[in-house]
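In: Give me a model of this one.
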Amino acid sequence: MRARPFLTIGTTVLLAAVPLGVGPAAAGEHHGDRVQVLSGPSPFADGCPGSRLDDTAIVGAEVEPMVAADPSDPRHLIATWQQDIGTPAARSDLIARSADGGRTWRTTTIPGLTVCTGGTADFASDPWLSVGGDGTVYFSGLQGNATADPPPVGVVASRSLDGGRTWSEPATVAAADPGVDTDSVTASPTLDGHAYVVWAAWDHSYQPPMAGNAFRFARTTDSGATWSPAVLVHDPGPTAVDFSGHVLVLPSGDLLAVWANFDVVSGLGTLMASRSPDEGDTWEAAVAAAVQPVGMFTDPESGVELPQPGFTSPAIAPDGTVYVATESSTSPTSGAITVSQSRDGGRTWTSSPLPDVSAFAFEPAIAVDDRGRVGVLWYDIRNDVPGDDELTSDVWFARSADRGASWDQEHLAGPFDLRTAPNGRLGEYQGLVGLRRSFVGVVTLAGPLAVDGPSDVFVARVGRG
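Out: So this is what the prediction gives:
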């Protein structure tokens with residue numbers, strides 16, 4: 001949302017009109033065989049009177065999409081993204097749902113999330129989704145007011161009991177605080193009404209010794225009507241921050257949390273993991289899954305920071321194998337995407353780079369389909385031409401049918417000019433979900449592919465589904 005530690009420091013798609021004032025999105029815009037526009041014209045094009053900093057919002061600027069599938073019906077998909085990004089975040093988050101595997105979509109909003117949807121918050125950010133085994137859809141996100149710098153931000157959650165058509169007003173999971181950031185939600189695939197939210201808090205000055213840094217967890221057992229008090233998962237200490245955390249449900253029923261850690265003194269980034277045997281009441285000592293130095297990289301031609309949010313993207317296979325994709329770029333002209341893997345529930349890990357990725361690469365998303373095949377999408381700039389006026393970027397996809405021993409790679413979307421993205425960014429993460437025989441991704445693309453404003457969210461289907 002506001003702070004990206006790694007950067008700061010170192011088939012047609014038709015979206016129809018729906019309730020709550022969300023207008024129709026772009027219809028049938030194709031950009032390749034499998035990539036189509038998901039987002040459309042902003043429902044907030046006339047602004048949101050009463051919202052502080054509303055004049056900083058960029059109409060038609062969408063970033064940071066996420067997608068989830070209903071485990072009982074993989075053709076039922078839910079997506080979300082930030083709409084009209086500004087300072088420090090977006091006017092609100094939007095929701096879209098599909099009943100046909102991503103071919104057609106309908107959009108809606110979460111009532112009371114921000115001023116734009118009848119609430120009091122000035123902005124929203126970091127939207128996340130998950131669908132439980134009982135069909136309950138959970139949303140988590142950040143909600144804040146621009147009353148201070150940095151602004152107080154809280155974690156909120158909403159639920160849908162009808163497949164994403166209508167949503168409850170947000171419930172508070174973590175009270176507003178200037179340090180709160182990077183949330184995610186995970187629904188239990190086996191325990192009806194159970195879901196888990198994790199989030200981070202840290203001193204956004206990044207000046208050690210830092211106080212209040214923590215990675216926390218909360219649980220609902222009543223389908224999101226109420227949430228438990230916060231439980232500490234990990235204390236990073238006064239020189240480091242934890243961020244971009246996620247919870248996975250292991251076949252045993254134990255919970256596994258994975259997150260990124262960055263030490264501002266040593267300059268090391270670490271992928272961390274911890275298990276809970278009692279549904280989040282207590283957490284075991286964290287283990288380091290992978291470690292690498294972290295640098296700050298800039299576009300050699302413009303001097304602008306290149307995207308390197310350092311966010312983790314986890315997935316769990318039907319056999320319980322856990323995968324996490326992370327960025328591993330080492331310079332503006334050389335990069336990598338690393339896939340870390342655990343076959344014992346997060347106790348031990350191995351890591352290896354995706355083959356044939358050599359240019360600066362960023363924002364990977366990983367998923368596993370019902371047959372155990374692993375998919376990864378990411379951006380890189382391998383096709384950029386030095387000295388021209390564009391920072392040419394593309395989205396790529398790799399798939400493995402043998403637990404990451406070998407990969408097949410293909411072009412998924414692009415090219416587009418990263419320099420035309422709103423504020424030069426695409427958000428901090430993108431989304432990918434595995435279905436029965438295919439994958440569906442949601443990604444942010446800028447000009448010249450964006451059709452309404454400086455960026456749009458696109459949906460891509462890979463394989464049969």
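
In: List the contacts of residue 368.
Out: Residue 368 makes contacts with 315, 316, 317, 318, 321, 323, 374, 375, 434, as judged by CB atoms under 8 Å, 6 or more residues apart in numbering. Where you see a C-beta, it was placed from the backbone N, CA and C, and this is true even at glycine.

In: Just the pLDDT for it.
Out: The per-residue pLDDT reported for residue 368 equals 98.

In: Could you pull up phi and psi at it?
Out: Dihedral pair for residue 368: phi -130, psi 130, per degrees, to the nearest 10.

In: Lowest-scoring secondary structure element of the protein by mean pLDDT?
Out: Taking all helices and strands of the chain together, the one with the lowest average confidence (mean pLDDT, DSSP states H and E) is strand 15-16, at a mean of 30.

In: now the closest residue to residue 178 other than its chain neighbours, what's its secondary structure?
Out: For residue 178, the nearest residue in space outside its immediate sequence neighbours is residue 150; the separation is 4.4 Å by CB to CB, 6 or more residues apart in numbering. Classification of residue 150 into helix, strand or coil gives coil, according to DSSP: H, G, I helix; E, B strand; the rest coil.

In: and residue 150, how many residues sit next to it?
Out: Residues near residue 150, counting by other CB atoms under 10 Å, number 18.

In: in the stretch 1-150 of the chain, what spans have low per-residue confidence?
Out: Scanning the stretch 1-150 of the chain for pLDDT under 70 picks out the ranges 1-33.

In: what does stretch 111-123 rub up against?
Out: Stretch 111-123 is contacted from outside by 20, 43-44, 48-54, 86, 88-93, 109-110, 124, 141, 143-146, 151, 156, 158, 167-170, using CB under 8 Å, 6+ apart.

In: Let's see that with 7 Å instead.
Out: Contact with stretch 111-123 is made by 20, 44, 48, 50-53, 88-93, 109-110, 124, 143-146, 167, 169-170, as judged by CB atoms under 7 Å, 6 or more residues apart in numbering.

In: Give the buried residues for that stretch.
Out: Using 16 or more other CB atoms under 10 Å as the test for burial, stretch 111-123 gives 111, 112, 113, 114, 115, 116, 117, 119, 121, 122, 123.

In: do stretch 270-282 as well
Out: Neighbour counts using 16+ other CB under 10 Å place 270, 271, 272, 273, 274, 275, 276, 279, 280 of stretch 270-282 among the buried residues.

In: And stretch 283-298, by the same measure?
Out: Using 16+ other CB under 10 Å as the test for burial, stretch 283-298 gives 283, 284, 286, 287, 289, 290, 292, 294, 297.

In: Looks to me like the fifth one is in a strand.
Out: Okay, so that is residue 289. Yes. Secondary structure assignment places residue 289 in a strand (three-state DSSP).

In: where's it relative to residue 429, distance?
Out: Look at residue 289 and residue 429: by CB to CB, to the nearest Å, they are 18 Å apart.

In: which stretches of the stretch 201-350 of the chain form strands?
Out: 214-220, 231-234, 240-249, 255-263, 268-276, 287-293, 313-316, 322-327, 337-342, 350-353 (DSSP state E, counting those that start in this stretch).

In: Grab the nearest non-local neighbour of the residue of the chain most remote from its centre.
Out: Note on the chain: the largest C-alpha distance from the chain mean falls to residue 387, namely 32.1 Å (CA atoms, centre = their mean). Among residues not flanking residue 387 along the chain, residue 301 sits closest, at 7.3 Å (CB to CB, 6+ apart).
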